[in-house]
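**Student:** Need a 3D model of the following:
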Amino acid sequence: MPSSGSLVFPFLAANLSAVDLTIIKIFENNLPYFLQQNSMGDAYDYESAIRQFGRPVWRGRIDLASGAGFDPNKYNLFTIDLANYIEPEQGILYRIELGMRPSYSLFPCTGDRKPSRYEEMLELADLDRPWEGSDDYYSLSEEGLFCDCAYNWRENQNPCSDACCGADKKLISNILASDLGMVAKSGSDNNLRIFIRDLRTAEPVEAATVEIYDYQMQSMGSVTTDKSGIAALPCPRKPFLVIARKEKNRNYLSLQDGTALSMSSFDVSGESPQDGIRAFIFTERDVRRPGDTIYVGLIVRDAGSGLPAGHPVHFELYNTKGQRIDEQVTTLNDKGFLTFTSVTSGDAETGNYRAQVRIGAATFTKIIKVETVKPNRLRIKLDFADAVAGGDNKAMRGAMKVTWLNGTTARDMKSTVDLLLRPVKTTFDKYGQYNFDDPATQFWFDSQTVFEGNINSSGEAVVTFSPDDELQAPGMLSAIYTTRVFEKGGDASINQTVVPYAPYPAFVGMNIPALGATGRILFTDRPNEVRLVTVDKNGKPVRSEVEINVYKLDYRWWWESDDEYLGSYISRGRNNNIFTETITTAAGEGKVSFSVDKQQWGRYLVRATLPSGHSTGMIVLVDWPWDYGMKPGGNDGASLLQLNTEKGEVQRG
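**Tutor:** Below you'll find the predicted structure:
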């Protein structure tokens, strides 16, 4: 934080009248190594920090109960300005530790509390003198005193016992007094880009020296920021620490795995070139028969200037068994357009063939279908007015037009159109991090004939379909129209048209940022934010009411393999509904928070529903934080399965 003369340290506390505050100054020369050791966890105690990396500059008691509005029966927010106890120095990292003692507890305990020998020993011990090399170091340390006088694992969570006030219960945080704000970004090119700005003015910091180190604290290079406050350095190895310096100011940024900001709440999808090369492979038609000539077109674009004309391009064609059946090498022209011609044999295997193009170290592929098919003699088009059918008007209306392949009009031919609705993953371009599908809704739809008759003398017909009002879908559907037009001789031409179908006029999407990119765990005893968006069938934000419910689910043990019908939990009503709230989205966005008591840990269904009928939901595991320790009691699920064969010996066959 900015070194403006005050370093404010906020924290929450309940049932405490005071805390012990310790401020440790980490020496600048030791700071990189302190960050390296600290990356393995916060298990470094007070004495270890003193002995290895710095020294205490202040230690004492901070009274909490004298403040206005203090309520010992709930958590209170307190702030400590470290500038009241020390003179903050630019570029210095301070390790802040808050501890408690048995006498600080305001928890209502039964009976009279006896004087604490552990606290008496803490008062007697001279904790501020250096112990390095002392024979009685461990006997004088807080950990040593706690183990000798108060440790009792059975009473570790009992606020009326001295065992609840051990050094492992300290609140520990690091505060850096610096005016430099730093962000580092790295891409697939292994270039580390550093952005530095002044925290007081938000202006770029020019001429700041940036040093990059690996985990072994070996320098990977140094660079200076430009007038935009940006510096870039290629990193042949994985970087671990970035140090920025400008006059007395310092800033340190750890790049260890797991500390990067989560991108799950942002749309970061896109296409990455391979070694700076982008290529597009295309063919003139989708399906070929055995014996046909395959024409493969290639468009190559180079993001840099590393592909001159004449650069070799390697083409390979593999059959369904992965056997290479053709190989060609040509050179790249100045336009970047190439064509490869390959011929399959008349008895070639049918299936998916793979066309592969290699340009240097970059490889691009495309699947080519080779099938034994009878070609259509009629061209069938089934067009719909909207790119996405449904929405406010649930009925679908399509215009069918049939012509011969030579372009003449087909007349008065028998035709049938079958419709199949299938659920698909609901996605919208601007909301890729949101889930729009409802896990509690099951969908079935049997194929239906929606048109049976003759096309008119102009080769045209109208196809309509209106779904039932009770149609319930988890999200967007795919309407698959299979059209058959029969010639006078009995042969039929077949065409399939796929149209996205929105069974609802509005859709709701859900995102829980605390889950991260791949996680499914939330924590008890804290608010969990749920972000919501409401959009129409085209993904445009709309204002709508949203009802949010959180249902407790039965815990699915690892030995259960049957499907789970989540709708049964919703039909139970209040018995398993722990949270409900209705909000109205503004400009299509809204949010709500819910919390779960630590005794109610388990699986939950978070579900949001619109008045239009659409719902979405996510199944999450709400569990204890790691610092809570082992959950009490056990669960009555299976921990071991006994597997036996019906016979002791089995013969071949």
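
**Student:** which non-adjacent residue is nearest residue 93?
**Tutor:** Nearest non-adjacent residue to residue 93, counting by Cβ to Cβ, 6 or more residues apart in numbering: residue 26, 4.5 Å away. Backbone N, C-alpha and C define where each C-beta goes, glycine included.

**Student:** Return the distance of the one you found relative to residue 379.
**Tutor:** Counting by Cβ to Cβ, to the nearest Å, the gap from residue 26 to residue 379 is 76 Å.

**Student:** out of these two, which sits in the more crowded spot?
**Tutor:** Taking other Cβ atoms under 10 Å, residue 26 and residue 379 do not tie; residue 26 has more neighbours (22 against 17).

**Student:** ok, now which ones touch the more buried one?
**Tutor:** The neighbours of residue 26, taking Cβ atoms under 8 Å, 6 or more residues apart in numbering as the test, are 34, 49, 53, 54, 92, 93, 94, 95, 174.

**Student:** Around the fifth one, how many other residues sit close by?
**Tutor:** Just to be clear, that refers to residue 92. 21.

**Student:** ok, what's across the strand from it?
**Tutor:** residue 177 (DSSP bridges).

**Student:** Let me see the contact set for it.
**Tutor:** 25, 26, 28, 176, 177, 250.

**Student:** Distance to residue 538 and pLDDT added to those, as TSV?
**Tutor:** TSV is the format used below for the contacts of residue 92 (distance: Cβ to Cβ, whole Å; pLDDT from 0 to 100):
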residue	distance to residue 538	pLDDT
25	58	84
26	55	81
28	57	72
176	47	83
177	51	84
250	51	87
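
**Student:** which of these count as buried?
**Tutor:** 25, 26, 176, 177, 250 (16 or more other Cβ atoms under 10 Å).

**Student:** The stretch 201-350 of the chain: strands as residue ranges?
**Tutor:** Remark: strands assigned in the stretch 201-350 of the chain by DSSP state E, counting those that start in this stretch are 209-213, 219-224, 230-234, 241-246, 249-254, 277-283, 287-288, 293-302, 312-318, 324-331, 337-343.

**Student:** do you know which of the ones you listed lies nearest residue 426?
**Tutor:** strand 277-283 (28.0 Å; Cβ to Cβ).

**Student:** Flag every buried residue along the closest one.
**Tutor:** Across strand 277-283, burial judged by 16+ other Cβ under 10 Å covers 277, 278, 279, 281.

**Student:** and the helix or strand hosting residue 357 with strand 293-302, angle?
**Tutor:** Using DSSP states H and E, residue 357 sits in strand 351-359. Per axes from the mean of the first three to the mean of the last three Cα atoms, to 10 degrees, the angle that strand 351-359 makes with strand 293-302 is 30 degrees.

**Student:** Name the helix or strand of this protein that has the lowest mean pLDDT.
**Tutor:** helix 137-140 (a mean of 44; mean pLDDT, DSSP states H and E).

**Student:** Give me the three-state assignment for residue 118.
**Tutor:** For residue 118, the secondary-structure state derived from DSSP: H, G, I helix; E, B strand; the rest coil is helix.

**Student:** Counting neighbours, what do you get for it?
**Tutor:** Neighbour count for residue 118, taken as other Cβ under 10 Å: 21.

**Student:** isn't it right up against residue 162?
**Tutor:** Yes: counting by Cβ atoms under 8 Å, residue 162 is a contact partner of residue 118 at 4.8 Å.

**Student:** Looking at the buried ones among the contacts of residue 92, spot the one nearest residue 459.
**Tutor:** Among the buried ones among the contacts of residue 92, and counting by Cβ to Cβ, the member closest to residue 459 is residue 176, at 75.9 Å.

**Student:** show me the contacts for that closest one.
**Tutor:** Neighbour list for residue 176: 1, 91, 92, 93, 94, 250, 251, 252 [criterion: Cβ under 8 Å, 6+ apart].

**Student:** Is there a quick ChimeraX command that grabs whichever of the residues you listed are buried?
**Tutor:** Typed into ChimeraX, the line below selects the buried ones among the contacts of residue 176, using 16+ other Cβ under 10 Å:
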select :91,92,93,94,250,251,252
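
**Student:** Lowest-confidence one in the contacts of residue 176?
**Tutor:** Lowest pLDDT of the contacts of residue 176: residue 1, 58.

**Student:** residue ranges for the helices of the chain, please.
**Tutor:** Secondary structure of the chain by DSSP state H: the helices cover 31-38, 46-52, 117-124, 137-140, 142-149, 567-571.

**Student:** least reliable of the ones you listed going by mean pLDDT?
**Tutor:** Mean pLDDT values for the helices of the chain show the minimum at helix 137-140, a mean of 44.

**Student:** doesn't residue 613 make contact with residue 504?
**Tutor:** Yes: Residue 504 lies in contact with residue 613 (Cβ under 8 Å); the separation is 5.4 Å.

**Student:** Looking at these two now, which is surrounded by more residues?
**Tutor:** Using other Cβ under 10 Å, the more surrounded residue of residue 504 and residue 613 is residue 504, with 22 against 14.

**Student:** And that one, how close does it get to residue 542?
**Tutor:** Noted for residue 504: a distance of 11 Å to residue 542, by Cβ to Cβ.

**Student:** So what touches stretch 199-216?
**Tutor:** Residues contacting stretch 199-216 (Cβ under 8 Å, 6+ apart): 1-2, 4, 32, 36, 178-181, 192, 194, 196-198, 219-231, 233, 235, 237-246, 256.

**Student:** could you redo the last one with a cut-off of 7 Å?
**Tutor:** If you take Cβ atoms under 7 Å, 6 or more residues apart in numbering as the criterion, stretch 199-216 is touched by 2, 4, 32, 36, 179-181, 192, 194, 196-198, 219-229, 231, 233, 235, 237-246.

**Student:** swap in stretch 465-473?
**Tutor:** Contacts of stretch 465-473 (Cβ under 7 Å, 6+ apart): 394, 395, 396, 419, 423, 441, 443, 450, 503.

**Student:** Among these, which one sits closest to residue 592?
**Tutor:** Distance to residue 592, by Cβ to Cβ, is smallest for residue 441 among the contacts of stretch 465-473, at 21.1 Å.

**Student:** what's around the closest one, how many residues?
**Tutor:** Neighbour count of residue 441, defined by other Cβ under 10 Å: 19.

**Student:** wait, what's in contact with it?
**Tutor:** Contacts for residue 441 (Cβ under 7 Å, 6+ apart) come out as 472, 473, 474, 615.

**Student:** quick one: residue 204 from residue 179, how far?
**Tutor:** Between residue 204 and residue 179 the distance is 13 Å, computed by Cβ to Cβ.
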